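Trainee: here is the input, now give the coordinates:
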Amino acid sequence: MPSRRLRLGMLVAAAALAATALAVALLSALAAPGLRLRWDWSRHGAASLSARTATALAALPEGSRATAFLLTRGEDPRLLLNGSAVYARAYARLRALLEDARVRSRGRLHVLILDDTSSLVEIEQQVQRLGRQPGETVVLETPEQRQVLRFSDLFLTTDPDLDSGAPARIREERVDDAFGDAALRLARAEVPRVGIVQGPLEPHVRAALQALAQFLRAEGYEPVLVDGPSSSEPLDLLLIPGQPQPFRPEDAAAVRAWLQSGRPLLVAVGPLAPPPVTALWNELLAGQGVRFGDGLVCEGQAGQSTSATFYVEPQRLSSQHPVTRELAAAGRGLVLSNCRPLEIVPGNYASIREPLARTSDQAWVEADGDFRPGSREPQQEVALALAAEPLAPDAAAGQGRCLVLGAPTLLFEGVAYHPDFLARALHWLLREEDVEAGLVALEALPFRPSPQALARIHNLAVVALPGTTLLLGFLVYWRRRR
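Mentor: Residues are numbered from 1 along each chain as shown. Next comes the predicted model:
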């Protein structure tokens, strides 16, 4: 009897150990992202990432990381007014989708979530490592490059109403598209190189270029500081952040060849640039149909002082152009200062010119130094940013996209105050706005059936289904009568 009890006890212990080992192995397997499965039973699969975004995430190289800053301290105070729950709802959604991204990436993406309860030391370490600025919510990175997703890239929100006490609300979610776009850029084989011309700039302005270069790295581009456009560095985009003195002959020839080859250009020339600088640029940009005007743009209302710093309201941003379309839809404007007027040259039908930012009709171009509108200074709308591209671009010669700014300060101050404008400008110049549209989930595409399809749907819903039901009912009745 004792031996029998011993054998039974050993058998039970062995079974328990085997069950424990099996449970440990099963839990270990379930903890591996590559072996986990998730089922989305929500309508249209809205609770998880789309198949296209999942494919883009799965194409990331090993060692990729996603660092999420789900913080409320130091973020946009407007989204906290009147008891707004924007951050709470957005961060809850982000947690779920980040976990889905970790699973759908097949273990290639390591996710780190930092919130208000995380260690301040760890938060500071990640902020220093990534150079994170307020408003940057998710940073996707590979061993070679990174992409920064701001809160405005992930969620479109409404502003709070201080008069009625209505809080800010989430108007639209764009997390899936933003994740897919960023993953697609990270998976590209070559990183676009942006050449920043620093040669003619003053020393203190050169120091400010470091913030611009860091911004370009955060957007997934490689900044290259060059002394002039004639540099032998291979570049994909030429960026000229102001020009206080004329180009050297070789630099002027290099810019001319750059434009003739149809390569993208971003040039910002302020009101302090000497006349030879603007004269050369107006000659170079004649083919694009845009030109720099003379003077300083000022604005003022009746009974108010004149100012060269003003707020460009959202309705004065282009609601159709890819650079400003999202800003105008979100009701967000631009703050600009010390701007030179820009003009569209009439009679040029080979280029598409679009004013991206315009002043109100209370603005004028100061010419006589009294800082008041006069007979030679009529109050009118003035263009501050222009985009130009060929109507029929030559694919062999390049796309020829050009963005002209009347204020170099928009490039330096924009890094802190208008990063969305700069990021979308870079994407448009490098033709990456088409890449963003390519990763829209199929569920988000509108269903527009043809007239023939509508007729079939009508016949099926109005004739076929009711007729079939009546026919089956009649057959059942007839069988029972027999």
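Trainee: identify the bridge partners of the residue lying closest to Pro234 once chain neighbours are set aside.
Mentor: Leaving aside its sequence neighbours, Pro234 sits nearest to Arg193 (Cβ to Cβ, 6 or more residues apart in numbering; 6.5 Å). Bear in mind the C-beta positions are built from the backbone N, C-alpha and C, glycine included. Beta-bridge pairing of Arg193 under DSSP bridges involves Glu222.
Trainee: so who does Arg193 touch?
Mentor: By Cβ atoms under 8 Å, 6 or more residues apart in numbering, the residues touching Arg193 are Tyr221, Glu222, Pro223, Val224, Glu233, Pro234, Leu235, Asp236, Leu237.
Trainee: next, count neighbours for the closest residue to Gly374 other than its chain neighbours.
Mentor: Nearest non-adjacent residue to Gly374, counting by Cβ to Cβ, 6+ apart: Asp368, 6.6 Å away. Neighbour count for Asp368, taken as other Cβ atoms under 10 Å: 10.
Trainee: swap in the one 3 residues further on?
Mentor: Residues lying near Phe371 (other Cβ under 10 Å) number 15.
Trainee: so it versus Cys298, what's the distance?
Mentor: 6 Å (Cβ to Cβ, to the nearest Å).
Trainee: okay, and the common contacts of these two?
Mentor: Here Phe371 and Cys298 share the contacting residues Thr306, scored by Cβ under 8 Å, 6+ apart.
Trainee: so who does Cys298 touch?
Mentor: Taking Cβ under 8 Å, 6+ apart as the test, what Cys298 contacts is Thr306, Ser307, Ala308, Ala363, Trp364, Val365, Glu366, Phe371.
Trainee: ignore what I typed, I meant Ala211.
Mentor: Phe412, Val415, Ala416.
Trainee: okay if I get these as CSV plus distance to Leu460?
Mentor: Converted to CSV, those look like this (distance: Cβ to Cβ, whole Å):
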residue, distance to Leu460
Phe412, 61
Val415, 57
Ala416, 58
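Trainee: picking up where we left off before, pLDDT score for the residue nearest to Pro234?
Mentor: We have a pLDDT of 89 for Arg193.
Trainee: which secondary structure element of the protein has the lowest mean pLDDT?
Mentor: helix 433-438 (a mean of 48; mean pLDDT, DSSP states H and E).
Trainee: mean confidence for the helix or strand that comes right after that one?
Mentor: Per DSSP states H and E, the first helix or strand lying C-terminal to helix 433-438 is helix 451-459. Averaged across helix 451-459, pLDDT comes to 75.
Trainee: tabulate the CA atom coordinates of helix 451-459 in CSV.
Mentor: Extracted in CSV, the C-alpha atoms of helix 451-459 (Å, rounded to 0.1, in the frame of the first residue of the first chain):
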residue,chain,number,x,y,z
PRO,A,451,-24.2,54.1,-62.1
GLN,A,452,-24.2,50.5,-63.3
ALA,A,453,-23.2,49.3,-59.8
LEU,A,454,-25.8,51.5,-58.2
ALA,A,455,-28.5,50.0,-60.5
ARG,A,456,-27.4,46.5,-59.6
ILE,A,457,-27.5,47.3,-55.9
HIS,A,458,-31.0,48.8,-56.3
ASN,A,459,-32.3,45.8,-58.2
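Trainee: tell me what it is packed against?
Mentor: If you count contacts as 3 or more Cβ pairs under 8 Å, 6 or more residues apart in numbering; DSSP states H and E, helix 451-459 packs onto no helix or strand.
Trainee: ok, Leu356 - contacts?
Mentor: Contacts of Leu356 by Cβ under 8 Å, 6+ apart are Leu317, Ser318, His321, Val323, Thr324, Leu384, Ala385, Leu386, Ala387, Leu403.
Trainee: which secondary structure state is assigned to it?
Mentor: strand (DSSP: H, G, I helix; E, B strand; the rest coil).
Trainee: okay, it: pLDDT?
Mentor: pLDDT at Leu356 comes out at 92.
Trainee: for the closest residue in space to it that isn't next to it in sequence, helix, strand, or coil?
Mentor: Nearest non-adjacent residue to Leu356, counting by Cβ to Cβ, 6+ apart: Ala385, 4.1 Å away. Classification of Ala385 by three-state DSSP places it in strand.
Trainee: touching, Ala385 and Glu354? I think so.
Mentor: No. Applying Cβ atoms under 8 Å, one finds Ala385 not in contact with Glu354, separated by 9.4 Å.
Trainee: which of the two has more residues huddled nearby?
Mentor: Using other Cβ under 10 Å as the criterion, Ala385 and Glu354 rank with Ala385 on top: 28 against 18.
Trainee: for the more buried one, give the beta-bridge partners.
Mentor: Bridge pairing for Ala385 - DSSP bridges - gives Ala357, Leu405.
Trainee: so who does it touch?
Mentor: Leu342, Pro355, Leu356, Ala357, Leu403, Val404, Leu405, Gly406, Leu410.
Trainee: Pro393 reaches Gly262, doesn't it?
Mentor: Yes. Counting by Cβ under 8 Å, Pro393 does reach Gly262; the two are 6.7 Å apart.
Trainee: which one of these two has more residues nearby?
Mentor: The neighbour comparison of Pro393 against Gly262 (other Cβ under 10 Å) goes to Gly262, with 19 against 16.
Trainee: wait, is that one part of a helix?
Mentor: No. Gly262 is assigned coil when assessed by three-state DSSP, not a helix.
Trainee: okay, it: pLDDT?
Mentor: pLDDT, read off for Gly262, is 87.
Trainee: ok, so what distance separates it from Leu112?
Mentor: 42 Å.
Trainee: ok, now Trp478?
Mentor: 70 Å.
Trainee: Ser105 touches Thr55, doesn't it?
Mentor: No. Applying Cβ under 8 Å, one finds Ser105 not in contact with Thr55, separated by 10.1 Å.
Trainee: still on that earlier bit, mind putting the contacts of Ala385 into JSON lines with distance to Asp420?
Mentor: As requested, the contacts of Ala385 are exported to JSON lines (distance: Cβ to Cβ, whole Å):
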{"residue": "Leu342", "distance to Asp420": "21"}
{"residue": "Pro355", "distance to Asp420": "18"}
{"residue": "Leu356", "distance to Asp420": "13"}
{"residue": "Ala357", "distance to Asp420": "13"}
{"residue": "Leu403", "distance to Asp420": "15"}
{"residue": "Val404", "distance to Asp420": "19"}
{"residue": "Leu405", "distance to Asp420": "15"}
{"residue": "Gly406", "distance to Asp420": "19"}
{"residue": "Leu410", "distance to Asp420": "12"}
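Trainee: Glu250: which of those is nearest?
Mentor: Closest to Glu250 out of the contacts of Ala385 is Val404 (22.8 Å), distances taken as Cβ to Cβ.
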